[in-house]
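Engineer: Turn this into a structure:
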Amino acid sequence: MQESARIRTLWELVEQRAAASADAVMFYEADGRTVTFGAAREHALRAAAGFRELGIGAGTRVAWQLPTRISTVLASLALARLGAVQIPVIHLHREREVGFVLAASGAEFVLVPGVWRGFDFAAMARRVAPAGTRTVVVDGAAGLPEGDPATLPAFPPGGVRRRADAPEPTSWIYYTSGTTAAPKGVRHTDASLIAGGAGLAAAIGMSPSDIGSIAFPYAHIAGPDYVVAMLVSGFPAVVLETFAPGAAADTYARLGVTMAGGSTAFYQAFLDESRRREGTTKLIPSLRALSGGGAPLPPELYAAAGRELGCAVLHGYGMTECPMITMGSPHDSDEQLARTVGRPVPGAEVRIAGPDGRAVPAGETGEVTLKGPMLCQGYTDPALTAASFDAEGWFRTGDLGFLRADGHLVLTGRLKDIIIRKGENISAQEIEDLVHGHPAVAEAAVIGLPDRERGERVCAVVTLADPGGPPLTLALLTDHLRRSGLMTQKLPEQLEIADSLPRGGPLGKVLKNVLRARYADEPVTGQV
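Structural biologist: The predicted structure is shown next:
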């Protein structure tokens, strides 16, 4: 669908794919039931008419906090047909986060799943909704509201198509999941999400013969990003309301999934499941690739997942502000896939900026800055927008990295995840990658802890591959790191063994703030 580059609204993309592939499967339920592209369009039209009868139309601000279901995707497509402003909320959020989002966004409607997993989302929404907010409950029994599509107004809303140079209206507001500060409202358009999804589709090379998967929270920006890739390339996906590695693997194997993933945590989960079934056949025989992003991919995990799961691992780089930046490709070498986050996807521009804001040469580390059609319009707070874009319009990501001569991007850490030990900047990610390479380590996180003599000390927190095996000591770990080439000044002074690493957010990122609070008062176990 080459015309997708000129499409500016999500609903136009739905119409185009439904016309081209009406009878092709778009969604698989876990039990094997299917919904075609044509049927998805018809369901979304009826839902759009039902939403319109409730008072939702062009420009109406609609928050939705819904599980990952086909009906959730259809609700989102229906709202896109109406031209509503969508405000997705991760289903893991509770009173504090939901109350903030509803108040900050000015949402006029809230779509919730009623009681789900024993929690009453409808009651919570009513408790925290600002005065005047109307709450619409969409639960499993009631389903989506339905109406007569013949009553819908012309599309686009108002029947007037904007000029090509006219500014795009904000149609999505995503709130970042801040842990120490208020979430930031990120403003996107249909066009920016389409550019991100089209970039993903081009990078991973999916075709109608593939079967993908959506097992992560659809309210994450990766949700619409993935559906756009489906609409652009014409491939279907299995939708799972809950991700349980064993059940997911069985479902994927039964339905012939060829592309799975979501984030590093998903790769590790499938790898652990495969090891639990040691001696059996390939965990998912049809799987040709794992893809995802959202967290660093240690080279050792890349190698183990590819080797033991029998597939390629295509890791990428994106964020709420720019859903698709770089992506590994099936055409990349093992070295490129293991050591980088891929090349910029079509349309994305990546520049590495030095301390003075100017571009630095290939191979030199600096802050990753971005431009491109998939970049957000900015934040709901103009002050945050002004602080995040430079005078030339480059967006400052806060990530550190460098561009290689082959055009691939290497991320080396976060500006805020630098450990300053005796005045020297140390990248936590560099050490994490090497710690993860120790055979006794399953997962690793490296943090800086306050230290009277050093300013900060380096602490490695790990989970063990075999908790019943020989003990891992700081001396053994530092010996491994020395052999790996890590300079003495970067060696950890503290090792902590944990049963699991605290994770949060839709893609299961390690919560380093929790680890810092947990281990700040533990005694130092080594000297460097």
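
Engineer: does residue 219 sit in a helix, a strand or a coil?
Structural biologist: Taking DSSP: H, G, I helix; E, B strand; the rest coil as the rule, one finds residue 219 in the coil state.

Engineer: Based on its surroundings, how many neighbours for it?
Structural biologist: For residue 219, the neighbour count with other C-beta atoms under 10 Å is 26. (Each C-beta comes from the backbone N, C-alpha and C, glycine too.)

Engineer: same check, this time on residue 430
Structural biologist: Residue 430, neighbours per other C-beta under 10 Å, totals 14.

Engineer: can you tell me how far it sits from residue 278?
Structural biologist: 32 Å (C-beta to C-beta, to the nearest Å).

Engineer: How about residue 337?
Structural biologist: For residue 337, the distance to residue 278 - C-beta to C-beta - is 25 Å.

Engineer: Same question for residue 402.
Structural biologist: Computed as C-beta to C-beta, the residue 402 to residue 278 distance reads 39 Å.

Engineer: who touches residue 267 in this structure?
Structural biologist: Contacts for residue 267 (C-beta atoms under 8 Å, 6 or more residues apart in numbering) come out as 261, 290, 292, 297, 301, 305, 313.

Engineer: scratch that, residue 95
Structural biologist: The contact partners of residue 95, by C-beta under 8 Å, 6+ apart, come to 124, 127, 128.

Engineer: Tell me which of those fall in helices.
Structural biologist: Residues of these located in helices (DSSP state H): 124, 127, 128.

Engineer: dump the residue contacts of the first one.
Structural biologist: For residue 124, the contacting residues are 94, 95, 98, 112, taking C-beta under 8 Å, 6+ apart as the criterion.

Engineer: so which of these comes closest to residue 19?
Structural biologist: Checking the contacts of residue 124 against residue 19 by C-beta to C-beta gives residue 112 as the nearest, at 33.2 Å.

Engineer: Number of residues surrounding the nearest residue to that closest one once chain neighbours are set aside?
Structural biologist: Nearest residue to residue 112, sequence neighbours excluded (C-beta to C-beta, 6 or more residues apart in numbering): residue 121, at 4.0 Å. By the measure other C-beta under 10 Å, the count of residues near residue 121 is 27.

Engineer: which residues touch residue 121?
Structural biologist: 65, 91, 112, 113, 114, 115.

Engineer: partners of the last one in the sheet?
Structural biologist: Using DSSP bridges, the beta-bridge partners of residue 115 come out as residue 120.

Engineer: Now residue 335: which helix or strand?
Structural biologist: For residue 335, the element it lies in under DSSP states H and E is helix 334-339.

Engineer: Read off the pLDDT value for the nearest residue to residue 38 once chain neighbours are set aside.
Structural biologist: Counting by C-beta to C-beta, 6+ apart, residue 38 lies nearest to residue 22, which is 3.3 Å off, once chain neighbours are set aside. Per-residue pLDDT puts residue 22 at 98.

Engineer: Repeat that for residue 453.
Structural biologist: 74.

Engineer: mind listing what the nearest residue to residue 155 once chain neighbours are set aside touches?
Structural biologist: Distances taken as C-beta to C-beta, 6+ apart put residue 11 closest to residue 155, at 6.2 Å, once the chain neighbours are dropped. Neighbouring residues of residue 11 by C-beta under 8 Å, 6+ apart: 77, 80, 81, 155.

Engineer: In the one helix or strand residue 429 maps to, which residues are buried?
Structural biologist: Per DSSP H and E, residue 429 falls inside helix 428-436. Across helix 428-436, burial judged by 16 or more other C-beta atoms under 10 Å covers 428, 429, 431, 432, 433, 434, 435, 436.

Engineer: can you check stretch 382-397 too?
Structural biologist: 385, 388, 389, 394, 395, 396, 397.

Engineer: can I get the CA coordinates of it in CSV?
Structural biologist: Taking C-alpha atoms only, stretch 382-397 is exported to CSV below (Å, rounded to 0.1, in the frame of the first residue of the first chain):
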residue,chain,number,x,y,z
PRO,A,382,4.0,24.7,26.5
ALA,A,383,6.9,25.1,28.9
LEU,A,384,7.8,21.5,28.5
THR,A,385,7.6,21.7,24.8
ALA,A,386,9.9,24.8,24.8
ALA,A,387,12.4,23.0,27.0
SER,A,388,12.4,19.8,24.8
PHE,A,389,13.0,21.2,21.3
ASP,A,390,16.0,23.2,20.3
ALA,A,391,15.9,26.3,18.1
GLU,A,392,16.1,24.2,14.9
GLY,A,393,13.2,21.9,15.9
TRP,A,394,15.3,18.9,17.1
PHE,A,395,13.7,17.0,19.9
ARG,A,396,16.0,16.2,22.8
THR,A,397,15.4,12.6,24.0
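
Engineer: Could you tell me how far that stretch lies from the centre of the chain?
Structural biologist: On the basis of C-alpha atoms, centre = their mean, to the nearest Å, stretch 382-397 sits 22 Å off its chain's mean C-alpha point.

Engineer: about what we covered before: what about residue 337 and residue 278, which has more around it?
Structural biologist: Set residue 337 next to residue 278 and count neighbours by other C-beta under 10 Å: residue 337 wins out with 23 against 7.

Engineer: ok, now which ones touch the more buried one?
Structural biologist: Residue 337 neighbours (C-beta under 8 Å, 6+ apart): 302, 312, 313, 314, 315, 328.

Engineer: In terms of pLDDT, where does it sit?
Structural biologist: Per the predicted model, pLDDT is 96 at residue 337.

Engineer: Tell me how far it lies from residue 368.
Structural biologist: Going from residue 337 to residue 368 by C-beta to C-beta gives 19 Å.

Engineer: how far does the helix or strand that the helix holding residue 335 is followed by sit from the chain's center?
Structural biologist: Next along the chain after helix 334-339, taking DSSP H and E as the criterion, comes strand 343-344. Centre-to-centre, strand 343-344 and its host chain are 17 Å apart (C-alpha atoms, centre = their mean).

Engineer: Kindly report the same for stretch 68-87.
Structural biologist: Offset of stretch 68-87 from its chain centre (C-alpha atoms, centre = their mean): 19 Å.

Engineer: Tell me how confident the model is about it, as a mean pLDDT.
Structural biologist: In this model, stretch 68-87 has a mean pLDDT of 97.

Engineer: Report the backbone C-alpha coordinates of that stretch in PDB.
Structural biologist: Taking Å, rounded to 0.1, in the frame of the first residue of the first chain, the C-alpha atoms of stretch 68-87 are listed here in PDB:
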ATOM      1  CA  THR A  68      -6.100  -5.500  25.400                       C
ATOM      2  CA  ARG A  69      -9.100  -6.900  23.400                       C
ATOM      3  CA  ILE A  70     -10.200  -6.800  19.800                       C
ATOM      4  CA  SER A  71     -13.200  -4.700  21.100                       C
ATOM      5  CA  THR A  72     -10.700  -2.200  22.400                       C
ATOM      6  CA  VAL A  73      -9.000  -1.800  19.000                       C
ATOM      7  CA  LEU A  74     -12.500  -1.500  17.400                       C
ATOM      8  CA  ALA A  75     -13.500   1.200  19.900                       C
ATOM      9  CA  SER A  76     -10.400   3.200  19.100                       C
ATOM     10  CA  LEU A  77     -11.000   2.900  15.400                       C
ATOM     11  CA  ALA A  78     -14.600   4.000  15.900                       C
ATOM     12  CA  LEU A  79     -13.400   7.100  17.800                       C
ATOM     13  CA  ALA A  80     -11.000   7.800  15.000                       C
ATOM     14  CA  ARG A  81     -13.900   7.600  12.500                       C
ATOM     15  CA  LEU A  82     -15.700  10.300  14.600                       C
ATOM     16  CA  GLY A  83     -12.600  12.500  14.800                       C
ATOM     17  CA  ALA A  84     -12.600  12.400  18.600                       C
ATOM     18  CA  VAL A  85      -9.500  13.200  20.700                       C
ATOM     19  CA  GLN A  86      -8.300   9.900  22.300                       C
ATOM     20  CA  ILE A  87      -6.600   9.700  25.600                       C
END
